[in-house]
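Peer 1: what shape does this take:
(one chain, ligands or ions: 1)
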Amino acid sequence: MPPPESYELRRGKYAKLDAPADGDDFDTPTRRSFDSNASSYEDLDEFDPLNYDAGTLKQKRSTGDLRARKASFRDAEFAEKVQVKRRWAPSRLCCFLVLLFVAATVLLLSAGGIWAWKSAPKDGLSPPWYPTPKGGTDEKWKESYRKAAELVKQMTLVEKVNITTGTGWSMEMCVGNTSPVPRLKFPSLCLQDGPLGLRFADNITAFPAGITVGATWNKDLMYKRGRAHGKEARLKGINVLLGPAMGPLGRMPAGGRTWEGFGPDPVLQGIAAAQTIKGIQDEGVMATAKHYLLNEQEHFRQAWEWGPPNAISSNIDDRTTHEIYAWPFAESVRAGVASIMCSYNQVNNSYACQNSKLLNGILKDELGFQGFVQSDWLAQRSGVASSLAGLDMTMPGDGLKWADGKSLWGAQLTKAVLNGSIPMERLNDMATRVVAAWYQVGQDDTEKWPLQPPDGDGGPNFSSWTDEEIGLLHPGSTDKTTGVVNKFINVQGEGDDFHGNLVRQVAAEGTVLVKNDDNLLPLVRNGWKEEEKVGKVTKYRVGVFGEDSRVNQDGINACKDRGCNVGTLASGWGSGAVDYPYLTEPLWALRQAFNNESVYVVDFPSNKLPKDKTLIEEQDICIVFANADAGEGYMSFETTHGDRNDLYLQKGSDMLVKGVAKSCGAGHGKVIVVIHTVGPVILENWIDEPTVKAVLIANLPGQESGNSLVDVLFGHINPSGRLPYTIAKKEDDYGPGSKILYYPNGLVPQQNFSEGLYIDYRYFDKKDIAPRYEFGYGLSYTTFHLTSLLVTSHGPKTPLPAPRPSGIEPPTYSTDIPDPKTALFPPGFRKLSKYIYPYLSSTDGIKHPEIQTNMLQSPLSEAGGAQGGNPDLYSKILTVSASVTNIGLVDGDCVVQLYIAFPQNYKDPETGQPVDFPVRVLRGFEKVHVEAGKQGPVPGVKGSPHGGGGNSKMVVFEVTRKDLSYWDVRRQNWVMPTEGEFGIQVGFSSRNLPLQDKW
Ligand code: BGC
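Peer 2: Coordinates of the predicted model:
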C-alpha cells in the first residue's frame, strides 16, 4: 500500500504526533542486530496489529484543531496537514459521523427543546462565598506582605493589572508570562510546566512522573526530586513552576492525567505534594499546586474542546470535597505553596476558576491560602465574576479562545476597576498576592535572580518556541524582532549532584515488584544461579520481548509532548511531559547487565510473536515488556483520546505476554513481565499462567528507565516500591464512580461523584472485593516483621478543634479610583498584534462609580485560621510506634503504613444521625532502611531463616486531630468522634496489617 500523504511528515521531527490510520503499514521498524542468531523482523508472525485495542472508538473530537491550537507556534503548519490526512482515514470517517451526531445534538439542545433534559441548573449548585479574603493574614508571610504592600502601593492601576494578566500565548519565552513593572524593578514572571521536568527546554532532566514518585513512598526522595526540579527551574530563569499536580487525584483509574499526580489516596498525595513543594520552594522557585479542583477526566474538561460548549461539571458533596479531593491542596497550602492553579472543569455547575465557594471560601478562608490563584490555560471563563470569586492571575492571558489576544482581563480589568465592577480593594489584593509570593520565596535576591534587561541579564534563558539560538522575541504576534532566545544552559547537575542519579533512584524505588514466585528475582549477572548451574554446559538464554523494551526508533522525542505510545514508555503525554535529554533503553541496559560470556540475550522488540515458536521455546527466561499510555486531552494517540478506553495493556501486550508465557522454555521457562504504565492495569489475562514468575510495575520511570529497571532486576536495589493504587481483577471492581464519561449527557456534561468517599481501596474495602494487588502492596527480596505496637494518647477525645485564631491584619491601601485617563496607552506606544496590554484606547463610556458597594461578608470558617486550616487541626493527638525487623538475608527498605479505622456504627451524638466511615484510611507511612541481621534467627519468628538475624528499626507516627476527624457538613468543621473506638492498624499494605490496637 502506498504511504499515506503525511508519511514523510511522520518520520520528521514530530513523527507520531498522529496515529497511523487503520491499515497503515508505515511503522515496520528496522531491527537492530544485536544478535546474529535471532530471527529478523520479517520472520515475525502476523499477529493482528489491529486486534489489540479492546476499546471501541470513542466519541470523536476535533483533535486536529486542538493540536493546531495547542501545538507550539512552530508546529501549526504540521498540525494543519495532520488534519487533512485525518479527514480521509476510515476510522476518521466514523469519527466524523459521531461528530456530526454530537453537533446535531448540540444544536437540538441549544434550541432549548425536548433534549434539554439534563442541562445545568440555572444558578448552579455551588453556594456563593464573598468577598475574597485578603492575603497577608498569616504570621509566616508577614514580612513578604509588608514588602509587597510597600511595592504595590507605588503601582499605578495599569501596573497592577499588568502583573495579574498574562501577555498572551507565545508572546514571550515561557508557556505563561506576566508583564513587568520596570519602574519598580518587579520582573516579568515566567511560568513553565512541570510537573516532571521543564517543558520545552533543553539540557534539562526528565524526572520520573508523579505516579512513580508516589510508588516510592519515600518522603526524602519526594523532597529531593522537588528540589532538583526547582533548581533546574531557577537556573533556567523560571519564576513559577507549574507543578506538582494533585488533581486529578485518580478517582477514575483510566483518567488521562492521573500519572501526573501521586496516586488516588489523599494522604499519600498530600504528603508527596507537600514534600515536592518544599523542595521546589527551597530553591527559591514558586511551586504551583494544580489542578484545583475535580478535573478528574480529560473528556469534556474544557468548553468546546470536545464538542459541547461547556466544560463538564463535577458534582460533589461537601464532605467528600474536604476529606478526599481538597485534602492534598490543604497539605500544599500548609507547606506554604506560592500558587494554586484552578482547573478547567466546573464544580457543582460553576467553573472552578470562578467558583467562589472553592476559591474564596475553601481555599482562601478555610485553608488560609496566602499566595495567588492562577487559571489553567484558558480555564478563565469570565472577567468580573472570576476576579470577585478569587482568581488572581489569568493565564496565558488570552480570552475565551486559544491565542485570540482578547483577554477577559488586561484592559477589561482596568475598565472593570475604573467603573466600579471590581473593587479597587480586590485588585490591590490580587497584585499584592502575586508580589508577596515572589518575596516569600526570595526572588528579590538579585544574586540568584539577576535583574531583567535592560538592567541585567536575568529572565528566562530559553525559548519554548524554537530550538535555535536566535529567534523571535514575541512569536505569538506579527512582530519580527529577533534576539538570542536560547542560551542552552545545562541545568542537569554535575558530579554527585547529577540529577540523572536521582532519577535512577526514584525510578528504581518507584518500581513495584508484585509477583516473585520461587524467588526468581533477583537475577544474577552470569545467568545461572549457583544452585541451577550443576550440569549446565550451554549459555544461559534470555529472550527479551515487546516493543516497550526499546526506544522509539524514530527518536526518543519523535512525538511532540510525548503524544504517542511508540517504543518504551517512560512518561505520559501532554503539557506534563518533557523532551528527554536521553533515555536509557531497557533492552540496552539488560544487555549491559548480563555477562555475555555466559549469557546469550536475544531480543524481539515487537508486540508480535515470532513466527518461529522455537525462538521462544529455547529461552531459559523470557522478559516481556508491556505498557499502557494516556495523557492530556488536547492530544490523541490512535483511539486513546486523553483518557484510556479501558484498563488493559495496550498494543496487543496481553496477547504477547500470553503467547510468551505459553512457549517460554517449552513450558519450563520462567517469564518476567515488566510493565510501564500511567496507572492501574488489569493483569488477569495472564497473571496466573504458571510460567509467569515475576511481575514488575515500573510505572513511568523517566530518562533512567533501563538503568533503574536493571537495578531492581539484579538486586542492586532491593525493591521497595509499593502500589500507590489498587490493581483490580476487573474494571467494574473499582465501582460505577470510576468510569470515565465518554459521551456528553447534556449541554453541560454532568458527572456526579455519588460514590462519595469510596474510591480506590476505600471502595474495595467497603464492598469487600478482593483486588489482585491491593493499595500499598509490594514485595521485597527480604522479609520484614513488625512487632511492639505502642499507641500513646496525648489527651482525651474532644469533638472540635480550638476556636479559630484571628490571624494578623492584612495590608490596607487607598481605594481611590484613579482618573481613567491615566490608563490610556502612553503616547507613541508601539503595540504588538494580539499582545495583551492593560491600557485603554479610549475612556469613552467609563463612568466613575458614585459609591463602591460593600458585599455582605460570608461567615468565616471555624476550620480556618492559618495555612492549611485551623492550626489545632494539626495538633498531635496520638503517637503510634512499632518496631520493624529485617528477618531475611539481604538489607532492604520497608514501607510501614498506618491506617485508622473510625468507630463503626457511629451516630452523631447531637443529631442521632449515623455517620458512615470507610473501613480504614491511610494516615501515615514511613520508609525505613533495615539491614539484615547477622546473629542468627529471630526468636519465635516463623519464617526467620537460620543465620538471618534480625536488625530492627523503630517507626513513629504522629497522628493529628485532623487525621482522627471527619468533615461535619452541618457544623462546617472537622469533628472527632468521641464515642466508640478507633482502630489503629499498622502493616505493610492496606490489606496486610498485622499490628492492631484500639483507642
Ligand atoms: C494544562 C496545565 C498546564 C498548562 C500550561 C494546560 O493545558 O492543563 O496543566 O500547566 O496547560 O501548559
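Peer 1: how about H716: what's its closest non-neighbour residue?
Peer 2: V710 (7.5 Å; C-beta to C-beta, 6 or more residues apart in numbering). Backbone N, C-alpha and C define where each C-beta goes, glycine included.
Peer 1: got the phi and psi for the one you found?
Peer 2: phi -60, psi -40 (degrees, to the nearest 10).
Peer 1: was I right about it contacting L587?
Peer 2: No: applying C-beta atoms under 8 Å as the test, V710 and L587 come out as separate, 10.6 Å apart.
Peer 1: count of neighbours near the residue in the stretch 651-800 of the chain positioned nearest to the ligand?
Peer 2: Nearest residue of the stretch 651-800 of the chain to the ligand (C-beta to the nearest ligand atom) works out as V678 at 15.4 Å. Using other C-beta atoms under 10 Å, V678 has 29 neighbouring residues.
Peer 1: and if you look at the one 3 residues further on?
Peer 2: Around V681 sit 24 other residues, with neighbours defined as other C-beta under 10 Å.
Peer 1: if I look at the nearest residue to it once chain neighbours are set aside, how far off is D445?
Peer 2: Leaving aside its sequence neighbours, V681 sits nearest to A628 (C-beta to C-beta, 6+ apart; 5.0 Å). A628 sits 44 Å away from D445, going by C-beta to C-beta, to the nearest Å.
Peer 1: quick one, what contacts the residue of the stretch 651-800 of the chain closest to the ligand?
Peer 2: 209, 211, 256, 258-259, 569, 572, 628-631, 644, 700 (C-beta atoms under 8 Å, 6 or more residues apart in numbering).
Peer 1: so of the residues you listed, which ones are in strands?
Peer 2: Members of the contacts of V678 lying in strands (criterion: DSSP state E): A628.
Peer 1: the contacts of V678 in helices, which ones?
Peer 2: I211 (DSSP state H).
Peer 1: Q370 touches W141, doesn't it?
Peer 2: Yes: in this structure, Q370 is within contact of W141 by C-beta under 8 Å, at 4.5 Å.
Peer 1: these two: which is more packed in?
Peer 2: Neighbour count, other C-beta under 10 Å: between Q370 and W141, Q370 has more, with 28 against 25.
Peer 1: what does the model give the more buried one for pLDDT?
Peer 2: Q370 carries a pLDDT value of 98.
Peer 1: SS state for it?
Peer 2: For Q370, the assignment made with DSSP: H, G, I helix; E, B strand; the rest coil gives coil.
Peer 1: contacts only, for it.
Peer 2: Q370 touches G135, G136, T137, D138, K140, W141, Y145, R433, A436, A437, Q440, Q867, counting by C-beta under 8 Å, 6+ apart.
Peer 1: only whichever of the residues you listed are buried, select them in ChimeraX.
Peer 2: This is the ChimeraX syntax for the buried subset of the contacts of Q370, where burial follows 16 or more other C-beta atoms under 10 Å:
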select :135,136,137,138,141,145,433,436,437,440,867
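Peer 1: looking at the contacts of Q370, which are in helices?
Peer 2: Y145, R433, A436, A437, Q440.
Peer 1: skip the chain neighbours and tell me the closest residue to the third one.
Peer 2: The one in question is A436. Nearest non-adjacent residue to A436, counting by C-beta to C-beta, 6+ apart: A148, 3.8 Å away.
Peer 1: that older thread, and for Q370 and W141, which residues touch both?
Peer 2: G135, A436, Q440.
Peer 1: D816 - how many residues pack around it?
Peer 2: Neighbours of D816 (other C-beta under 10 Å): 7.
Peer 1: can you give me the distance of it to the ligand?
Peer 2: Using C-beta to the nearest ligand atom, to the nearest Å, D816 is found at 36 Å from the ligand.
Peer 1: what pLDDT does that residue get?
Peer 2: 92.
Peer 1: quick check: it touching N428?
Peer 2: No: using C-beta under 8 Å, D816 is not in contact with N428, being 11.0 Å away.
Peer 1: straight-line length of stretch 417-429, end to end?
Peer 2: From its first residue to its last, stretch 417-429 covers 13 Å (C-alpha to C-alpha, to the nearest Å).
Peer 1: next one: stretch 568-583
Peer 2: First-to-last residue span, stretch 568-583, C-alpha to C-alpha: 9 Å.
Peer 1: near the ligand at all, that stretch?
Peer 2: Yes: interface with the ligand: stretch 568-583 contributes S575 (C-beta under 6 Å from any ligand atom).
Peer 1: which positions in that stretch come out as buried?
Peer 2: Buried residues in stretch 568-583, defined by neighbour count with 16+ other C-beta under 10 Å: 568-581, 583.
Peer 1: and the residue of the stretch 101-250 of the chain found nearest the ligand, how many neighbours does it have?
Peer 2: Proximity of the stretch 101-250 of the chain to the ligand (C-beta to the nearest ligand atom) peaks at L242, 3.9 Å away. For L242, the count of nearby residues is 30 (other C-beta under 10 Å).
Peer 1: point me to the helix or strand that includes the closest residue to the ligand within the stretch 501-650 of the chain.
Peer 2: Proximity of the stretch 501-650 of the chain to the ligand (C-beta to the nearest ligand atom) peaks at S575, 3.7 Å away. Here S575, judged by DSSP states H and E, is contained in no helix and no strand.
Peer 1: next one: K231
Peer 2: With DSSP H and E as the test, K231 turns up in helix 219-235.
Peer 1: contacts made by the helix or strand following that helix with the rest, please.
Peer 2: Remark: after helix 219-235, the chain's next helix or strand is strand 240-241, criterion DSSP H and E. With contact meaning C-beta under 8 Å, 6+ apart, strand 240-241 is reached by 176, 189-192, 194-195, 229-230, 233, 280, 285-288, 338-339, 374.
Peer 1: what's the pLDDT at the residue in the stretch 801-950 of the chain positioned nearest to the ligand?
Peer 2: Going by C-beta to the nearest ligand atom, the ligand is nearest to I836 of the stretch 801-950 of the chain, at 16.2 Å. Each residue has a pLDDT score; the one for I836 is 98.
Peer 1: if I read this right, it contacts T167, doesn't it?
Peer 2: Yes: assessed by C-beta under 8 Å, I836 is found in contact with T167 at 5.4 Å.
Peer 1: the residue nearest in space to the middle of the chain: what's it in contact with?
Peer 2: In the chain, the centroid-proximal residue (C-alpha atoms, centre = their mean) is E260; its distance is 1.9 Å. Residues counted as contacts of E260 (C-beta under 8 Å, 6+ apart) are P195, L196, A209, G210, I211, G243, A245, P248, G572, G576.
Peer 1: for the last one, give its distance to A245.
Peer 2: Using C-beta to C-beta, G576 is found at 7 Å from A245.
Peer 1: could you name every residue contacting both of these two?
Peer 2: G194, P195, R257, E260.
Peer 1: need the residues of the stretch 151-300 of the chain near the ligand, please.
Peer 2: V175, D193, L242, K290.
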